[in-house]
Every structure is written in C-alpha cells, then in structure tokens.
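Chemist: here is a sequence together with a model predicted from it:
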Amino acid sequence: MDGRIGFDYHTFKVLFPSLATETEARLQMLWDTACTIVSNPNPVICSESTLKRVLLYLVAHLITLDNRGADTAGRISSATEGSVSVGFEALPIKSMDEAWWAQTQYGMTAWRITSPYRGATLVKGEDGCPYGLN
C-alpha cells in the first residue's frame, strides 16, 4: 500500500444519491483525476478523513461539470424548461482557482473544507529576512 486513499463506490453513492447512476468505472477514473488535482496522499496538510471527503466532493464536482458539457462554465443563474435554456454567471471570486471550484455546489463545499489548509506561511531566516536572504 502506498498510503493513498482508495475510492469507495458505496460511500460515494450514499453521500451523493443524485449522482448514483454513474458507473463505478467512470467514478474511479474521476477519482484518479481528483487525486492529481488534490494530492493523495497529502502527508502533512489534513487528516485522512478530511482528504477523503474533499476528494469525494471533487469527484462530484467533476461529474457535474462533465455532465453540463464542455461549453458551460459558472453558476447556473437561470433555467427554462420549454425550449430548454440555461444561463450561467460568474461569481465574485478572488482567484482563478476559486472560480473553477465555484462552478458547482460540490466544488464550493470542497473549497470551503480546504480553506484552513490554503495559504502561505512566511519563514524568516536567522537574519530576519525571508528564507535567510540578505
């Protein structure tokens, strides 16, 4: 075992019943994609249970984006049933990363779960300069 968290098809179906019709093979492929987007294993950042939850939400996010089609992006702002019409809008965002995650409720949930783990820490050297630079 290489420390990676494996995909749990049953848990996914329980957590995301509206996406339960997806095949296990497709979900596994999207899990593998999710694991390249969010490092699996992530040795220092968060607990295994948090990482698993983020990856499951990321799989749901990827499915939702894929099912919308390649020409759509953003939050659905309007929809019509007769003669089918859907409008999308961009959300006010702080970064391109956040914009990508903000396209679905699943992505925003994963984004929110990861908020304590995003950011940078300044490391000062002995001389008080960042990274010990003079």
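Modeler: Cool, the structure landed.
Chemist: what's the longest helix in this protein?
Modeler: helix 48-68 (DSSP state H).
Chemist: compute the first-to-last residue distance for stretch 65-83.
Modeler: End-to-end span of stretch 65-83 (C-alpha to C-alpha, to the nearest Å): 22 Å.
Chemist: re earlier: name the residues of the longest helix of the chain that are buried.
Modeler: Buried residues in helix 48-68, counted by 16 or more other C-beta atoms under 10 Å: 51-65, 68. C-beta coordinates here come from the backbone N, C-alpha and C atoms, glycine included.
Chemist: ok, and the closest non-adjacent residue to Thr109?
Modeler: Tyr57 (5.1 Å; C-beta to C-beta, 6 or more residues apart in numbering).
Chemist: same question, Thr104
Modeler: Using C-beta to C-beta, 6+ apart and skipping residues adjacent in sequence, the residue nearest Thr104 is Thr64, 4.4 Å away.
Chemist: contact partners for the one you found?
Modeler: For Thr64, the contact set (C-beta atoms under 8 Å, 6 or more residues apart in numbering) comprises Leu19, Gln103, Thr104, Tyr106, Gly107.
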